[in-house]
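J.: what's the 3D shape of this:
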Amino acid sequence: MTDLAVAVPEPIVGRSLWGNAWARLKRNRAAMFSLYYLAFIAVISVFGPMVVPHEYTTIYGDYVRMPPSLSAYPKPDMIQGALSDAIKRMRADIKEWHQDGNRVIVTVTSTKPIDDRNIRYLDRSDAFDDTRIENKSADGLQVTMSSAIKQQYFLFGTDNTGRDLLSRTLMAGRISLAIGLLAGVVAGVIGVIYGAAAGFAGGRVDEVMMRIVDVLYSLPFIFFVIMLVVFFGRNFVLMFLAVGAVLWLDMARIVRGQALSIRRQEYVQAAEAMGVGQRGILLRHVIPNLLGPVVIYMTLLVPQVIILESFLSFLGLGVQEPMTSWGVLISVGAKNIGYANWLLLFPAFFLVSTLFALNFVGDGLRDALDPKDR
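T.: Numbering: from 1, shown residues only. I've put the predicted structure just below:
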């Protein structure tokens, strides 16, 4: 008698709610593209200022409001002007000059003997470097110098003070995204805890807590921010306090409505029958089941925070120089749109595209986490 091999079927592995949601989200091309785009913006905002050749605070006096260009500055037609400005500071006159490869050779004359240390005026220029004296007359009234042309790349152009717009846009993205994420997280944590506690407690406690929310709703947001500026001054932390202290109110109301529905579910009643305390029910059952709507609302809260920060910075109540944000750059660009439109176009593109991506991700999460689509 032989034993017959019986094929045992492999156990079927089920997927959780979050696994199903991720599978549905991956089928949403707009949401996934937006997710990758947000990751790209975050990476270049964090690491970009370390890679670009210019610091966001460095001022190039010879390159004020230069348009975007893929080729290096100075342009051929700018060399003579930059050379004339540098020689004027030496209190000398240009006799003749010519370009030899990547260097310029210039002969200058003066009514007084020219000090050899005057070559520093060329080195201080943003267009020249490595200046050397090639020849000098016996009386010192004529000097021939050579200087290397210092090539500078400004892919996004420069602003109205001569700072590189690319490095400032990337630094502004770091600040705007940090404010949006951190203030959104602060508002979300406060709103979830407050709303879940109010909705789960119910009764008179819920009534009192919601009336406090109504009172805070009645306070004008701008007036509240101005009061914070008067008392604490303008600083980066103030943005988190001002924005996070107001936007948690919407989150609290949304969570409170969800908590009122969850507290009537059978698994909550079963936990109460087993003797689980209210704190345990709140932390183990109510808040975890609120994460779906909370995650969706957070993707809509972050762009709202970024817009508010941009609005406050546009009014001069937000991030201050030399630090910058997309709102600050847009404010400066709006004032220079007539003759330097790139100062508005680049930061506005980054801001608008990021807001669109966040909203597409929010729509994708809403569809992925909707139990009716399962």
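J.: in what element of secondary structure is residue 38 found?
T.: Assigned by DSSP states H and E, residue 38 belongs to helix 29-51.
J.: buried stuff in that helix?
T.: The neighbour-count check on helix 29-51 (16 or more other Cβ atoms under 10 Å) flags 31, 34, 35, 37, 38, 41, 42, 44, 45, 48, 49 as buried. Every C-beta, even on glycine, is put in place using the N, C-alpha and C of the backbone.
J.: for those, which one is nearest residue 55?
T.: Sorting the buried residues of helix 29-51 by distance to residue 55 puts residue 49 at the head of the list, at 8.0 Å, by Cβ to Cβ.
J.: and the buried residues of helix 29-51, which is closest to residue 242?
T.: For these, the nearest to residue 242 is residue 45 (22.0 Å; Cβ to Cβ).
J.: could I get the buried residues of helix 29-51 as TSV with pLDDT?
T.: Putting the buried residues of helix 29-51 into TSV (pLDDT from 0 to 100) gives the following:
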residue	pLDDT
31	86
34	90
35	91
37	93
38	91
41	93
42	92
44	93
45	92
48	90
49	89
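J.: sorry, back to before: need the contact partners of the helix or strand following the helix holding residue 38.
T.: Downstream of helix 29-51, the next assigned helix or strand under DSSP H and E is helix 76-89. Residues from elsewhere that reach helix 76-89, judged by Cβ atoms under 8 Å, 6 or more residues apart in numbering: 62, 74, 93-94, 97, 99, 104, 106, 108, 121-122, 124-128, 149.
J.: show the contacting residues for residue 329.
T.: If a contact means Cβ under 8 Å, 6+ apart, then residue 329 has 165, 168, 169, 172, 343, 346, 347 as its contacts.
J.: surely the fifth one and residue 332 touch.
T.: Spelled out, that is residue 343. Yes - contact status for residue 343 versus residue 332: in contact at 6.0 Å, counting by Cβ atoms under 8 Å.
J.: who's more crowded, these two?
T.: residue 343 (25 against 22; other Cβ atoms under 10 Å).
J.: for that one, helix, strand, or coil?
T.: Of the three states, residue 343 takes helix according to DSSP: H, G, I helix; E, B strand; the rest coil.
J.: equivalent analysis for residue 322, please.
T.: Reduced to three states by three-state DSSP, residue 322 is coil.
J.: so what's it closest to, chain neighbours aside?
T.: Nearest residue to residue 322, sequence neighbours excluded (Cβ to Cβ, 6 or more residues apart in numbering): residue 57, at 4.7 Å.
J.: what's the overlap in contacts for residue 343 and residue 332?
T.: Joint contacts of residue 343 and residue 332 (Cβ under 8 Å, 6+ apart) are 159, 160.
J.: show me where the chain has its helices.
T.: Taking DSSP state H to define them, one finds helices in the chain at 17-26, 29-51, 76-89, 120-123, 165-201, 203-217, 221-232, 236-262, 266-273, 278-281, 291-315, 326-335, 342-368.
J.: list the buried residues in the fifth one.
T.: In other words, helix 165-201. 165-188, 190-201.
J.: tell me the angle that helix makes with helix 236-262.
T.: Computed with axes from the mean of the first three to the mean of the last three Cα atoms, to 10 degrees, the direction of helix 165-201 lies at 40 degrees from that of helix 236-262.
J.: list the helices and strands helix 165-201 packs on?
T.: Applying 3 or more Cβ pairs under 8 Å, 6 or more residues apart in numbering; DSSP states H and E, one finds that helix 165-201 makes contact with helix 29-51, helix 203-217, helix 236-262, helix 278-281, helix 291-315, helix 326-335, helix 342-368.
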